[in-house]
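S.K.: Everything below, folded, please.
(one chain, ligands or ions: 2)
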Amino acid sequence: MARSFEETNNNNHFAAAAGGGVEDETTLVMSKVTVVGSGNWGSVAAKLIASNTLNLDSFHDEVSMWVFEEMLPTGEKLSDAINRTNENVKYLPGIKLGQNVVANPDLESAVRDANMLVFVTPHQFMEGICRRLVGKIREDAEAISLIKGMEVKKEGPCMISSLITEHLGINCCVLMGANIANEIAVEKFSEATVGYRKNKEIAEEWVRLFNTPYFMVSAVQDVEGVELCGTLKNIVAIAAGLVDGLEMGNNTKAAIMRIGLREMKAFSKLLFPSVKDSTFFESCGVADLITTCLGGRNRKCAEAFARNGGKRSFDELEAEMLQGQKLQGVSTAKEVYEVLSHRGWLELFPLFSTVHEICIGRLPPTAIVEYSEHTPKFSLVGGSAQFF
Ligand SMILES: NC(=O)C1=CN([C@@H]2O[C@H](COP(=O)(O)OP(=O)(O)OC[C@H]3O[C@@H](n4cnc5c(N)ncnc54)[C@H](O)[C@@H]3O)[C@@H](O)[C@H]2O)C=CC1
Ligand SMILES: O=C(CO)COP(=O)(O)O
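M.R.: Ligands and ions are numbered 1, 2, ... in the order given. Sure thing, here's the model as predicted:
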């Protein structure tokens, strides 16, 4: 039976600090975790974490999960349905989250007591969420972002971990990897990568929180590299889906993945020269690229887009095929395109730029395989750009 936050809080350092209680050698510094987000991956992340907080003494058992409230067709609120059934009936039906996961539709109260904040929403909502959280979180809070995506501001690109740090003034690690949520939900083995900036101990704490026998997590000191891998592979997954929809076969798809990986690496290093080559060989790099191009939502919708000859928009296909879940690749392609055109790099990244132009209808889906034949960009794809 899960201990409640109030019960466990009585013998930890927070209680001692607040009430002047006596701390002895056996008093544990216990961390309280809140998951901000409750979509497909958010719900699986809460399940993973909740299985560990029950077993690890340094964490409170209870895990809060902030839910963007919505009304179900039955007339019940999503958060009530999650707490009644212990399942996210909309975004992860059929999977028990663990009795110690508590859904909370009130963002402020969900984060109030937490010193470990796990952010996992579609990236387009994060700026608004950060604004709402200013002044509402604990000063000693640490964050981790599981969000694959970026923002582009007037000043240039901004990774989601930086957005969190800038708005909330807290350190933010990232966790990315070959992590199709539905597979992890049924406890099939996978790996993930934590990226951290300076503090290895914090990274190890995040590894402890997420690691399970079926979810093997390792840490690397390369927050930008890890986050850019997770973000950029979604553009390549759109390209892979287009190739599937055009029935081009496996060799073409492999070529698209190879070219995509080169562009991921080149773009990451141009933005952040500190990005390490070795990061691309972690789960967050080549492994995530492969799994998303084989089985992800971006791939699936892009396949349908190409089969329809580009006549049905990605928005329409997303709404119809994903039922509330969100695609990240189409908006990431747009955001990356803005960076490329602003910096005069469009010609250096033919795959990234072609994906965006197909998504907005400027080019037909077939351009994903034609561009290399009909434009001089091919030589760059082939490897003439010196930084590739
Ligand atoms: N699903 C997956 O297999 C994986 C997803 N990710 C990443 O995790 C992040 C979150 O994705 P998922 O958990 O899969 O979400 P999702 O795409 O399944 O669900 C969409 C979520 O957005 C919420 N939402 C809708 N409107 C909102 C608003 N205005 N404000 C705030 N929230 C709103 C919905 O309530 C729902 O929780 C994304 O960056 C994704 O790329 C990473 C690894 C695997
Ligand atoms: O990031 C993912 C797997 O690691 C999921 O990718 P999709 O959003 O394309 O499903």
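
S.K.: State the distance from the residue in the chain positioned nearest to ligand 1 to residue 238.
M.R.: Nearest to ligand 1, among the residues of the chain, is residue 39, at 2.2 Å (C-beta to the nearest ligand atom). Where C-beta positions appear, they are placed from N, C-alpha and C, glycine not excepted. Separation of residue 39 from residue 238 (C-beta to C-beta, to the nearest Å) stands at 19 Å.

S.K.: out of these two, which sits in the more crowded spot?
M.R.: residue 238 (35 against 21; other C-beta atoms under 10 Å).

S.K.: Run through who's touching the helix or strand hosting residue 219.
M.R.: According to DSSP states H and E, residue 219 maps onto strand 215-220. Identification of contacts with strand 215-220 by C-beta atoms under 8 Å, 6 or more residues apart in numbering yields 48, 175, 177, 184, 189-196, 200, 203-204, 206-207, 210-211, 226, 276, 278-279, 282-283.

S.K.: Is any residue of the helix or strand following it near ligand 1?
M.R.: Where DSSP H and E defines the elements, the next helix or strand beyond strand 215-220 is helix 223-245. No: shown here: helix 223-245 not in contact with ligand 1 (C-beta under 6 Å from any ligand atom), separated by at least 6.6 Å.

S.K.: name the helices or strands packed onto the next helix or strand after helix 223-245?
M.R.: Downstream of helix 223-245, the first helix or strand assigned by DSSP H and E is helix 250-271. Applying 3 or more C-beta pairs under 8 Å, 6 or more residues apart in numbering; DSSP states H and E, one finds that helix 250-271 contacts helix 223-245, helix 288-295, helix 350-359.

S.K.: Test for you: state the pLDDT assigned to the residue lying closest to residue 192 once chain neighbours are set aside.
M.R.: Nearest non-adjacent residue to residue 192, counting by C-beta to C-beta, 6 or more residues apart in numbering: residue 177, 3.2 Å away. Note for residue 177: predicted pLDDT of 98.

S.K.: Tell me if I'm right that residue 177 and residue 283 touch.
M.R.: Yes: with contacts counted by C-beta atoms under 8 Å, residue 177 reaches residue 283, the gap being 3.8 Å.

S.K.: residues shared between the contacts of these two?
M.R.: 190-193.

S.K.: The spatially most central residue of the chain: what's its closest spatial neighbour, skipping adjacent residues?
M.R.: Geometric centre of the chain, nearest residue: residue 147, 2.6 Å, by C-alpha atoms, centre = their mean. Once flanking residues are discounted, residue 147 sits nearest to residue 160: 4.6 Å by C-beta to C-beta, 6+ apart.

S.K.: same deal with residue 88?
M.R.: Closest to residue 88 by C-beta to C-beta, 6+ apart is residue 43, at 4.1 Å.

S.K.: Who are the contact partners of residue 87?
M.R.: Per C-beta under 8 Å, 6+ apart, neighbours of residue 87: 81, 93-97.

S.K.: out of the residues you listed, which are buried?
M.R.: Among the contacts of residue 87, those scoring as buried are 81, 95, 97 (criterion: 16 or more other C-beta atoms under 10 Å).

S.K.: Where does pLDDT dip in this structure?
M.R.: Along the chain, segments meeting pLDDT under 70 span 1-28, 371-388.

S.K.: Quick check: residue 168 vs ligand 2, distance?
M.R.: Separation of residue 168 from ligand 2 (C-beta to the nearest ligand atom, to the nearest Å): 24 Å.

S.K.: Output the shared contacts of residue 177 and residue 283 as a markdown table; include the columns distance to ligand 1, neighbour count and secondary structure.
M.R.: Converted to a markdown table, the shared contacts of residue 177 and residue 283 look like this (distance: C-beta to the nearest ligand atom, whole Å; neighbours: other C-beta atoms under 10 Å; DSSP: H, G, I helix; E, B strand; the rest coil):
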| residue | distance to ligand 1 | neighbour count | secondary structure |
| --- | --- | --- | --- |
| 190 | 10 | 19 | strand |
| 191 | 13 | 16 | strand |
| 192 | 9 | 27 | strand |
| 193 | 12 | 27 | strand |
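
S.K.: Out of these, which is nearest to residue 244?
M.R.: residue 190 (22.2 Å; C-beta to C-beta).

S.K.: how close does the closest one sit to residue 213?
M.R.: 11 Å.

S.K.: repeat for residue 312
M.R.: Applying C-beta to C-beta to residue 312 and residue 213 gives a distance of 42 Å.

S.K.: Same check on residue 39?
M.R.: Going from residue 39 to residue 213 by C-beta to C-beta gives 25 Å.

S.K.: Identify the residue spatially nearest to residue 292, adjacent ones excluded.
M.R.: Per C-beta to C-beta, 6+ apart, closest to residue 292 is residue 237, 4.3 Å.

S.K.: and if you look at residue 364?
M.R.: The nearest residue in space to residue 364 (C-beta to C-beta, 6+ apart) is residue 310, at 5.7 Å.

S.K.: can you check residue 307 too?
M.R.: residue 245 (4.5 Å).

S.K.: tally of neighbours for residue 250?
M.R.: 9.

S.K.: Tell me how far it lies from ligand 2.
M.R.: Counting by C-beta to the nearest ligand atom, the gap from residue 250 to ligand 2 is 19 Å.

S.K.: tell me the contacts of that residue?
M.R.: Contacts of residue 250 by C-beta under 8 Å, 6+ apart: none found.
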